[in-house]
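> kindly return the folded structure for what I paste below:
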Amino acid sequence: MHLPSSERLTTGRILAVDRAASAVRLAGERNAAHIRAGTVEVRQLDITAADLPDGSFDTVFAANVSLF
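Alright, predicted model coming up:
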């Protein structure tokens, strides 16, 4: 997962989540500079079980989501 929007980000942060360890590892590698800069965080988790505070996101984008 490459996060091209992180290159255009002027404020805020991006949190990328995936339940697959391999996807998280690749995203970490591809976005290492943005992670070091503190604008991107990549976590391995099942979003349905995530403990994320209410109101902590302004925008949510989902891709390749299988709910079945």
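> output the longest helix belonging to this structure.
Ranked by residue count and defined by DSSP state H, the top helix of the chain is helix 21-30.
> beyond that one, next helix or strand please.
helix 32-37 (DSSP states H and E).
> got the buried residues for that following helix?
Residues 34-35 are the ones in helix 32-37 that count as buried (16 or more other CB atoms under 10 Å). C-beta coordinates here come from the backbone N, C-alpha and C atoms, glycine included.
> helix or strand right after that helix?
strand 40-44.
> other SSEs contacting that following strand?
With contacts defined as 3 or more CB pairs under 8 Å, 6 or more residues apart in numbering; DSSP states H and E, strand 40-44 has these neighbours: strand 14-18, helix 21-30, helix 32-37.
> got CSV for these, with mean pLDDT and distance to A62 too?
Output for these, formatted as CSV (pLDDT from 0 to 100; distance: least, CB to CB, whole Å):
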stretch, mean pLDDT, distance to A62
strand 14-18, 89, 10
helix 21-30, 93, 14
helix 32-37, 93, 20
